[in-house]
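> can you look at this prediction? I've put the sequence above it.
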Amino acid sequence: MPLDTLAPSGVAKTRTGIAGFDEITLGGLPTGRPSLICGAAGCGKTLFAVTFLVNGANLFNEPGVFMSFEERADDLVANFVSLGYDLEGLTGTGKLIIDHVRVERSEIEETGEYDLEGLFVRLGFAVDTIGAKRVVLDTIESLFSGFTDPSVLRAELRRLFGWIKDRGLTAIVTGERGEGHFTRFGLEEYVSDCVVLLDNRVEDQITTRRLRVVKYRGSAHGTNEYPFLIDVQGISVLPVTSSGLTRPVTSDIVSSGISGLDAMLRNGGFYRGSSILLSGVAGTGKTTIGSHFVDAACARGERCMFFVFEEGAQEICRNALSVGIDLQKRVDSGLLRFEAARPSLYGLEMHLARMHRDVAQFAPSVVVVDPISAFRGPSSEVHATLLRMVDLLKNLGITSLFTSLRSSGSLLEGTDQGLSSLMDSWIKLMDVEENGERNRILYIIKSRGTSHSNQVREYRMTDAGIELIDAYIGPEGVLTGTARLTQEAREQAASEHRRQEIERRRRDFARRRDAVERQIAELRAVLEIEEEEAQTRLTEENAHEAALASDRQVIAVRRGAAE
């Protein structure tokens with residue numbers, strides 16, 4: 001049941017301050033009523049109850065009383081120091097009272113007049129002393145260990161829970177798991193207003209803790225099982241089934257940190273809040289590309305988280321220096337945080353709960369998970385866990401990069417985890433073996449919402465980071481490395497030969513043109529000489545004709561005079 005579809009409750013609630021639990025219960029435990037926390041040994045009942053009181057005192061200014069029927073006060077204080085709970089300090093400031101009530105079964109005589117009046121007096125005095133609003137009784141089996149008559153037991157349970165309600169106390173009563181019942185006596189769950197079951201399972205030698213709200217009178221609540229985590233930071237619950245498909249979207253673009261890869265995407269990067277899958281065989285640089293991704297985000301002033309499952313944080317920082325990326329500087333600035341753990345340290349859902357808590361505390365803008373292929377287990381469980389992981393980050397608007405180790409360099413479109421269909425962008429890295437060497441290439445299989453290059457690109461690891469190179473694509477296929485260099489040398493030699501041939505032809509043509517121009521000049525000179533001679537002869541002939549005409553005229557005049 002998605003938590004965002006639950007109707008609001010009319011029951012007054014008291015927040016526990018336990019991450020995730022208040023979301024599951026839509027506000028916390030019922031105010032002024034008893035709640036039963038039950039489970040087997042080691043599942044965290046006492047820790048849950050103590051956290052309820054500590055958070056009440058520190059976060060909500062509500063003093064509390066812890067009444068123990070098993071552990072002494074000094075033992076409780078010592079046990080919770082490792083979690084950072086200063087129980088001694090809270091008792092010293094009057095915000096907490098720890099009272100140990102010794103119950104010996106051999107000293108209890110069960111009669112019709114036996115009651116818990118002495119317990120009520122003792123508990124009431126502690127409550128009135130500090131004005132307590134919260135109460136814990138741990139555990140109820142120890143209190144009623146001497147009862148054998150179910151009718152008397154039921155009557156005293158009702159009296160106890162009725163007394164708690166009359167005083168308006170928000171109470172937690174812890175109980176041990178019984179056979180066929182949630183508790184040993186099988187009665188507590190019926191008289192409690194809220195019942196929370198804690199479970200500690202071991203599967204394939206890996207422990208997973210789960211929590212389920214069995215009932216909650218007068219209120220809706222999440223009904224599924226939820227993993228919860230216990231570590232040095234206390235207890236946190238992950239509401240993994242609250243993920244839906246209603247998410248905020250944005251058109252902002254974030255860079256991959258590699259200029260050549262950004263150029264292959266029309267928008268110059270990936271949409272903010274999108275999920276990116278980077279898959280490839282060993283040695284193709286998946287972690288290095290992830291280092292580029294977080295380094296670019298830190299350069300923009302954004303917080304980043306790097307979840308690693310195969311290498312330590314110091315190893316990744318050292319290796320990133322070989323390609324010119326100083327991740328340690330980002331860590332020191334507080335913008336980058338590493339979380340490293342072996343996949344076998346927790347169960348799948350515990351890893352998810354841990355990531356949920358860490359992301360909520362650090363509030364990053366970019367998350368890298370390296371690699372998701374490290375998770376082992378039934379394929380359906382691995383897929384479900386990864387789906388929840390993707391939904392978790394997308395719902396928070398976090399841009400996420402997941403790396404995955406592929407078993408071979410084939411071009412098969414599937415992944416071992418079946419996660420490719422969940423991703424907004426998918427980049428494949430491959431090794432190409434030829435001419436006695438291995439070279440790296442990448443290509444973008446998909447990028448939702450933006451066009452992208454369909455070309456295969458070769459890339460190299462350099463001192464200045466990852467550099468993309470145009471791969472040679474010809475009749476013989478894709479050439480990389482020395483094969484590409486050899487082919488480029490051949491093409492350059494052929495181009496040089498063609499250039500030289502063109503230059504030779506140009507020189508030949510120039511020589512022929514010069515020869516023809518010289519011939520034309522010589523012919524033009526001969527022509528000019530002949531033209532000049534012809535003009536001279538013409539002039540001479542004209543002069544001769546003029547002289548003849550003049551002579552004829554003179555002769556004519558003389559003849560006329562003689563007559």
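Cool, got the structure.
> tell me what R337 is bridged to.
Note on R337: beta-bridge partners M305, judged by DSSP bridges.
> so it sits against C304, correct?
Yes: applying CB atoms under 8 Å, one finds R337 in contact with C304, separated by 7.4 Å. For every residue, glycine as well, the C-beta is placed using N, CA and C.
> mind listing the shared neighbours of these two?
When contacts are counted by CB atoms under 8 Å, 6 or more residues apart in numbering, R337 and C304 are jointly contacted by P364.
> neighbour-wise, which of the two wins?
For the pair R337 and C304, the greater number of neighbours falls to C304 (28 against 18), based on other CB atoms under 10 Å.
> looks like the more buried one contacts S333 (just checking).
No: using CB under 8 Å, C304 is not in contact with S333, being 10.8 Å away.
> list residues touching both of those two?
Common contacts of C304 and S333 (CB under 8 Å, 6+ apart): C298.
> helix or strand: which one has L137?
Of the helices and strands defined by DSSP states H and E, L137 is found in strand 134-138.
> can you list contacts of that strand?
The contact list for strand 134-138 (CB under 8 Å, 6+ apart) reads 14, 45-46, 49-50, 52-53, 56, 62-71, 123, 127, 143, 164, 169-174.
> and that strand, C-alpha only, in CSV?
Provided in CSV are the C-alpha atoms of strand 134-138 (Å, rounded to 0.1, in the frame of the first residue of the first chain):
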residue,chain,number,x,y,z
ARG,A,134,6.4,8.7,27.9
VAL,A,135,6.8,5.4,29.6
VAL,A,136,8.5,2.1,28.7
LEU,A,137,7.9,-1.3,30.4
ASP,A,138,10.6,-3.8,29.4
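> any buried residues in it, and which?
Using 16 or more other CB atoms under 10 Å as the burial criterion, the residues of strand 134-138 that qualify are R134, V135, V136, L137, D138.
> pLDDT of it, averaged?
Predicted confidence along strand 134-138 averages 90 (mean pLDDT).
> please report how far I466 lies from R177.
To R177, I466 is 54 Å away according to CB to CB, to the nearest Å.
> and whichever strand or helix holds I276, which strands flank it?
For I276, the element it lies in under DSSP H and E is strand 275-280. Using DSSP bridges, the strands paired with strand 275-280 are strand 399-405 (parallel), strand 425-434 (parallel).
> please identify the most buried of those.
When you average the neighbours per residue for each of those (mean count of other CB atoms under 10 Å), strand 399-405 leads with a mean of 25.
> how far is that one from where the chain is centred?
Here the centre of strand 399-405 is set off from its chain's centre by 7 Å, with CA atoms, centre = their mean, to the nearest Å.
> name the residues that touch stretch 253-268?
The contact list for stretch 253-268 (CB under 8 Å, 6+ apart) reads 269-272, 289, 292-297, 300, 366, 399, 427, 442, 444, 447, 450-453, 455, 457, 459, 465-468.
> ok, now how distant is the residue nearest to G283 when sequence neighbours are not counted from Y443?
Spatial nearest neighbour of G283, excluding adjacent residues (CB to CB, 6 or more residues apart in numbering): D431 at 7.0 Å. Spatial separation of D431 from Y443 under the definition CB to CB is 13 Å.
> and what of A73?
Taken as CB to CB, the spacing of A73 relative to Y443 amounts to 65 Å.
> what's the answer for T284, then?
Relative to Y443, T284 is positioned 12 Å away (CB to CB).
> of these two, give the one with the bigger neighbour count.
Using other CB under 10 Å as the criterion, T284 and Y443 rank with T284 on top: 24 against 19.
> list the buried residues in whatever helix or strand L392 lives in.
In the assignment (DSSP H and E), L392 maps to helix 379-395. Neighbour-count burial for helix 379-395 flags 382-395 (criterion: 16+ other CB under 10 Å).
> and the two most separated of the residues you listed?
Farthest pair in these (CB to CB) is V382 and N395. Separation: 20.4 Å.
> quick one, strands of the stretch 151-300 of the chain?
Using DSSP state E, counting those that start in this stretch, the strands assigned to the stretch 151-300 of the chain run over residues 170-176, 194-203, 206-216, 226-231, 234-237, 253-254, 270-271, 275-280.
> quick one, which of I466 and R177 is more surrounded?
When neighbours are counted by other CB under 10 Å, I466 comes out ahead of the other of I466 and R177, with 24 against 18.
> what are the pairing partners of the strand or helix carrying that one, and which direction each?
Remark: I466 resides in strand 465-470, with elements defined by DSSP H and E. Using DSSP bridges, the neighbouring strands of strand 465-470 in the sheet come out as strand 457-462 (antiparallel).
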